[in-house]
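**Student:** Pasting the sequence and the predicted coordinates here, then a few questions.
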Amino acid sequence: MPEGNVIHYHARRLRRAFRRSAVRLDSPQGRFSEGAALLNGLTLHAADAYGKHLLLDFGDLRWLHIHLGLFGTWRIGTGAPPAPTGQIRLRLRNETHFAELRGPTTCEVLDIAQRDALLARIGPDPIRTDADPLLAWARVERSRQPIATLLMDQRIFAGVGNIYRAEVLFRQNISPFRAGVDVGWSDFHALWVDLVDLMSRGTSRGRIMTVRPADLPTIRGAVAPAASRGIAGAGRRGRYDTRAYVYRRDGRACFLCDTSIEVTTLQARRLYWCPACQAS
DNA sequence: AGCGGATGTACAG
DNA sequence: TGTACCTCCGCTT
């Protein structure tokens, strides 16, 4: 259930574990047996994330394309792979590491034309240093859609998901319902710069942390209930540890102004905001 | 032990 | 707009 930061995190771990080594692939579950056989034994040359998409370059102009969707997970470890348990779509192994992939929306082999088509349909990714924010600005400045919708559009902002959308709008004091045409360069630039910062920092540990350190002392007490509800990642496994201003905090007091955080459904996703801090 | 909900996307209609 | 995908976790029982 990852946003782009987690995909970049996995890409880095897979690079460190498998790059420049011959990788054995299999599909214990059986649903990717053909693709695994096609790539089995090839050398991994690169592992890169583009938004929420992961591409593993096995040379020969073929790439393994993985999208985790809502449910997908990676488990990466050292040594020999454990005996398969449950549904493992794809397993990678070399002399030193193993990786298990479960529940992805997409796990397929692409040729170069298919790879190029994929990259052409996703927008600039704030985590990538080669991203061009002007491509996103060109879409935003002429759209009458609410900025909350545009932020979730992967053709405009690749890798942004429901948490980063809510949090970056709160941090920049922008109403989620303001139309793209009314955002203006100054606010767009602030949003982009903040996404670069938040998402890049979220990549190192694969976690989303959006609360400014300066605000932490004043809200420490208020964070605890979120932790007990599993939102702030107090769990032992701490999979997607989150410290958030508004995400899943509906009905509770805004950390900065005490106004009750609101929630609504926008295009089948839950949207959270502070009606006072984000009045317009 | 069982239930509902979740950081996502595609497709039907 | 709704549904399918099909995993993990926290919460309830």
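**Tutor:** Looks like it arrived, so ask away. Only a predicted model underlies this, so the values are computations on that prediction, with no experimental measurement involved.
**Student:** ok, residue A:21 - contacts?
**Tutor:** A:43, A:44, A:94, A:95, A:96 (CB atoms under 8 Å, 6 or more residues apart in numbering). In this view, the C-beta of every residue, glycine as well, is placed from N, C-alpha and C.
**Student:** Now the buried members of the residues you listed.
**Tutor:** Among the contacts of residue A:21, those classed as buried by 16 or more other CB atoms under 10 Å are A:44, A:94.
**Student:** Among the contacts of residue A:21, which lie within helices?
**Tutor:** Among the contacts of residue A:21, no member falls in helices (DSSP state H).
**Student:** Take the contacts of residue A:21 and keep only those in strands.
**Tutor:** Using DSSP state E, no member of these sits in strands.
**Student:** what is residue A:53 paired to in the beta sheet?
**Tutor:** Applying DSSP bridges to residue A:53 gives these bridge partners: residue A:50, residue A:67.
**Student:** Hmm, it is touching residue A:10, no?
**Tutor:** No. Counting by CB atoms under 8 Å, residue A:53 does not reach residue A:10; the two are 11.3 Å apart.
**Student:** can you give me the strands in the stretch 1-150 of chain A?
**Tutor:** A:24-26, A:46-50, A:53-57, A:62-67, A:73-78, A:90-93, A:97-102, A:106-111 (DSSP state E, counting those that start in this stretch).
**Student:** Ok, which of these comes nearest residue A:119?
**Tutor:** Residue A:119 lies closest to strand A:46-50 among the strands of the stretch 1-150 of chain A, at 6.1 Å (CB to CB).
**Student:** angle of that closest one against strand A:62-67?
**Tutor:** If you take axes from the mean of the first three to the mean of the last three CA atoms, to 10 degrees, strand A:46-50 sits at 40 degrees to strand A:62-67.
**Student:** buried residues in strand A:46-50?
**Tutor:** So for strand A:46-50, counting by 16+ other CB under 10 Å, buried means A:47, A:48, A:49, A:50.
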